[in-house]
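Enquirer: pasting the sequence and the predicted model now:
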Amino acid sequence: MPATKVVVSIPDEAPYDVRIGTQVLDELGASLRKIPRAGSVSRIVVISDSNVAPLYLAQAKDSLVQQGFRVSDIVVPAGEPSKSIEVLGEIWEALATLGLSRDGAIVALGGGVIGDLAGFAAATYMRGIPCIQVPTTLLAMVDSSVGGKTAINLEAGKNLVGTFTQPAFVCASTAVLSTLPEREWACGCAEIAKSALIDSDEFFFWLCDMAENLAQREDQTVTEAIARSVVFKAGVVAFDQTESQGIRECLNYGHTLGHAIERLAGFGTFSHGACVAEGMRFAARLAEDLVGCPSELTRTQDELLDVLGLPVLDWCAEPDEVLDAMKRDKKVRAGKVRFVLPRDVGSWELLHVEDETIVNQLKAWFKAKA
Ligand code: NAD
Ligand code: GLY
């Protein structure tokens, strides 16, 4: 099957391509040669993690070397703790030791952790060199590799230091998804479901029809789901790159409760995607009361999430504790918790919700699950 291409055009930024397909990793070097911002660089440093490197680093490097790039690599431990000041500092030092200069570029080969970390390193090293995103998780393909957010974490919270810096190119190889663990697959599916519901009838009902195929990782469906998600995200980011217009926040649908569960249950207890899916179920119920979301949509979304391997979580807590955890989120403004609430498929509202309303809805949600 030929590769699928989506062009991301954001005002005041150079447009870039997202290439999706089974062969695109082998064609990485040739693709870069055609890109004005990357084709003329002489040195490339591939940054990857300790899980992904043994699987795909040699393939990525071979493709670049064949096109005459001088290639080095930096491999960091897999996992969220690598999005740290310490690891970032080690990367900066390693780039300098390797002698990378302004005619160099960075390839981020990995999931969202590597995308955010290597993207931030590229945005800051020598005041900014091009970054090529090569996402290897479904989540990174449908969400984090597009849109330009880069970040590391602080003790005080996730993603507190970063930039908005768009990549020069995104290379999404569906072939590498064959090794992705089921838990990580479901994480990507949660973000696809989020995107589809916020986007349009066309995307949402297509996904409902194709959900079994996506869960089974059928290649054509996977490619189309990635392409549709990228088109959706690119459209959102084009209107509100820096999340200052109240539009990019729609990408946080399901994340208000989702982040609170991750914090309360302990990071890693449930996957990020499982928590987002739970947050979507909850937000739809809240939306029924507050913005007239049809109950039929809540049911359809429930069924979709079930098929995508994102069942209702076997988890409850004191509603007041959940509210406190929501208030510790960095997205809170003036102590008010905000939710992205669907009015219907393709229509949403960002609403400050009163504490009492949240607590009552949580009580009802936990009771219904008991
Ligand atoms: P991740 O990068 O930690 O990857 C998940 C796990 O899968 C890791 O253990 C990784 O080594 C492994 N892995 C990756 N690709 C693999 C493959 N093909 N085969 C086998 N194993 C593979 O996690 P993630 O879910 O991809 O990303 C989460 C991160 O993304 C978080 O830090 C989050 O803050 C960030 N994020 C950023 C944005 C953004 O817009 N920049 C958006 C969403 C999430
Ligand atoms: N994933 C949220 C964003 O890119 O804004």
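Expert: Right, received. Where do you want to start? Residues are numbered from 1 along each chain as shown. Ligands and ions are numbered 1, 2, ... in the order given.
Enquirer: going forward, measure contacts between C-alpha atoms and count neighbours the same way
Expert: OK.
Enquirer: just the residues contacting the helix or strand harbouring Thr163, thanks.
Expert: Take DSSP states H and E as the rule and Thr163 turns out to sit in strand 157-164. With contact meaning C-alpha atoms under 8 Å, 6 or more residues apart in numbering, strand 157-164 is reached by 120, 123, 147-154, 241-242.
Enquirer: and the next element down the chain from that strand?
Expert: The helix or strand immediately downstream of strand 157-164 is strand 169-173, counting by DSSP H and E.
Enquirer: pLDDT of that following strand, averaged?
Expert: For strand 169-173, mean pLDDT rounds to 98.
Enquirer: so which of the contacts of strand 157-164 also contact ligand 1?
Expert: Counting by C-alpha under 6 Å from any ligand atom, 149-150 from the contacts of strand 157-164 sit close to ligand 1.
Enquirer: which pair in the contacts of strand 157-164 spans the largest distance?
Expert: Based on C-alpha to C-alpha, the longest span within the contacts of strand 157-164 runs between Leu154 and Gln241 and measures 22.9 Å.
Enquirer: the more surrounded of those two?
Expert: Ranked by neighbour count (other C-alpha atoms under 10 Å), Leu154 and Gln241 place Gln241 first, with 21 against 14.
Enquirer: distance check, Phe205 against Leu197.
Expert: Separation of Phe205 from Leu197 (C-alpha to C-alpha, to the nearest Å): 9 Å.
Enquirer: compare those two (neighbour count), which wins?
Expert: Using other C-alpha under 10 Å, the more surrounded residue of Phe205 and Leu197 is Leu197, with 24 against 16.
Enquirer: ok, back up a step: for the strand holding Thr163, buried residues please.
Expert: Under the neighbour-count criterion of 16 or more other C-alpha atoms under 10 Å, strand 157-164 has 159, 162-164 buried.
Enquirer: what strands line up against it, and which way round?
Expert: Note on strand 157-164: by DSSP bridges, its sheet partners are strand 149-154 (antiparallel).
Enquirer: can I get the buried residues of strand 157-164 in CSV with pLDDT and distance to Leu350?
Expert: Shown next, in CSV, are these (pLDDT from 0 to 100; distance: C-alpha to C-alpha, whole Å):
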residue, pLDDT, distance to Leu350
Asn159, 94, 21
Gly162, 98, 24
Thr163, 98, 24
Phe164, 98, 22
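Enquirer: which one of those sits closest to Leu264?
Expert: Checking the buried residues of strand 157-164 one by one against Leu264 (C-alpha to C-alpha), the nearest turns out to be Asn159, at 18.4 Å.
Enquirer: which non-adjacent residue is nearest that closest one?
Expert: Asn153 (4.6 Å; C-alpha to C-alpha, 6 or more residues apart in numbering).
Enquirer: kindly export the strand holding Thr163 (C-alpha atoms) in PDB.
Expert: This file holds the C-alpha atoms of strand 157-164, laid out as PDB (Å, rounded to 0.1, in the frame of the first residue of the first chain):
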ATOM      1  CA  GLY A 157       4.300  18.500  37.900                       C
ATOM      2  CA  LYS A 158       4.300  17.100  34.400                       C
ATOM      3  CA  ASN A 159       5.200  19.100  31.300                       C
ATOM      4  CA  LEU A 160       6.000  22.300  33.300                       C
ATOM      5  CA  VAL A 161       8.900  23.400  31.100                       C
ATOM      6  CA  GLY A 162       8.700  23.200  27.300                       C
ATOM      7  CA  THR A 163       8.200  25.000  24.000                       C
ATOM      8  CA  PHE A 164       5.800  25.200  21.100                       C
END
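Enquirer: are that strand and ligand 2 in contact anywhere?
Expert: No - applying C-alpha under 6 Å from any ligand atom, one finds strand 157-164 separated from ligand 2 by no less than 9.7 Å.
Enquirer: from here on, count from 825
Expert: Sure, I'll start numbering at 825, so the last one becomes strand 981-988.
Enquirer: what mean pLDDT does stretch 1179-1191 get?
Expert: 97.
Enquirer: which residues sit against it?
Expert: By C-alpha under 8 Å, 6+ apart, the list of residues contacting stretch 1179-1191 reads 1106, 1109-1110, 1140, 1143-1144, 1147, 1160-1161.
Enquirer: save those as JSON lines, and put in secondary structure and pLDDT too.
Expert: Formatted as JSON lines, the contacts of stretch 1179-1191 follow (DSSP: H, G, I helix; E, B strand; the rest coil; pLDDT from 0 to 100):
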{"residue": "Phe1106", "secondary structure": "helix", "pLDDT": "98"}
{"residue": "Arg1109", "secondary structure": "helix", "pLDDT": "98"}
{"residue": "Leu1110", "secondary structure": "helix", "pLDDT": "98"}
{"residue": "Cys1140", "secondary structure": "coil", "pLDDT": "96"}
{"residue": "Pro1143", "secondary structure": "helix", "pLDDT": "97"}
{"residue": "Asp1144", "secondary structure": "helix", "pLDDT": "97"}
{"residue": "Leu1147", "secondary structure": "helix", "pLDDT": "97"}
{"residue": "Lys1160", "secondary structure": "strand", "pLDDT": "89"}
{"residue": "Val1161", "secondary structure": "strand", "pLDDT": "96"}
